[in-house]
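A.B. asks: Quick one, fold the following:
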Amino acid sequence: MLIGEYDLKIDHKGRVAIPARFRSTFQDGLVVARGFDKCLTLYAIDEWQRLAGNLASIPLTQANARRITRFTFSGAFDVELDRQGRIIVPAALRQYAGIGAEVVMVGAYDHLEVWSKDLWMAEKYYMIEHATEISEAVEL
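C.D. replies: The predicted model follows:
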């Protein structure tokens with residue numbers, strides 16, 4: 001289970017360290033992709049394959065199904081951890097998410113999300129201020 005919130009830095013080469021406690025999850029490689037809400041998502045290969053299978057099962061006769069498939073797969077990149085547990089975040093993804101030198105990596109159960117620090121603070125504030133309404137609107 002991927003949980004927690006981590007303040008990290010991206011170096012001038014676009015590298016960010018995966019927190020040590022999660023590195024074994026990604027030892028066989030990972031996929032970094034555009035996420036919703038202007039963040040990036042990091043999936044272990046097996047979780048990515050599960051997600052890809054779900055996307056492959058939606059009917060491509062629907063325009064929004066085609067769009068979500070394009071959005072997801074066109075913004076996805078296979079990456080590997082280097083010896084120091086870092087990955088290179090492609091420039092196009094950094095630009096999409098508005099990522100500069102400071103990021104926040106957050107656990108989201110089966111994947112990690114990478115946010116620009118400013119966007120994460122805004123999202124976190126919104127979630128805190130609206131937690132009751134959000135929880136009432138979601139069926140568990």
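A.B. asks: element containing the spatially most central residue of the chain, please.
C.D. replies: With distances taken as Cα atoms, centre = their mean, T41 lies nearest the centre of the chain, 1.3 Å away. Here T41, judged by DSSP states H and E, is contained in strand 40-44.
A.B. asks: And that strand, what does it pack against?
C.D. replies: strand 30-34, strand 112-116 (3 or more Cβ pairs under 8 Å, 6 or more residues apart in numbering; DSSP states H and E). All C-beta spots, glycine's among them, are computed from the backbone N, C-alpha and C.
A.B. asks: how near is the residue lying farthest from the centre of the chain to R67?
C.D. replies: In the chain, T61 marks the outermost C-alpha relative to the chain mean, sitting 27.4 Å out by Cα atoms, centre = their mean. Distance, T61 to R67, by Cβ to Cβ, to the nearest Å: 13 Å.
A.B. asks: can you pull the contacts of I58?
C.D. replies: Residues in contact with I58, defined by Cβ atoms under 8 Å, 6 or more residues apart in numbering, are 65, 68-69.
A.B. asks: again, 7 Å this time
C.D. replies: Listed by Cβ atoms under 7 Å, 6 or more residues apart in numbering, the contact set of I58 reads A65.
A.B. asks: SS state for it?
C.D. replies: Using DSSP: H, G, I helix; E, B strand; the rest coil as the criterion, the local structure at I58 reads coil.
A.B. asks: quick one on the thing from earlier: point out the most buried one among the helices and strands packed on strand 40-44.
C.D. replies: strand 112-116 (a mean of 24; mean count of other Cβ atoms under 10 Å).
A.B. asks: Can you give the strand pairings for that one, parallel or anti for each?
C.D. replies: In the sheet, strand 112-116 lines up against strand 40-44 (antiparallel), strand 102-107 (antiparallel) (DSSP bridges).
A.B. asks: Tell me, how many residues neighbour I88?
C.D. replies: Residues within reach of I88, counting by other Cβ atoms under 10 Å, total 16.
A.B. asks: and it, how far is that from Y43?
C.D. replies: Taking Cβ to Cβ as the measure, I88 falls 16 Å from Y43.
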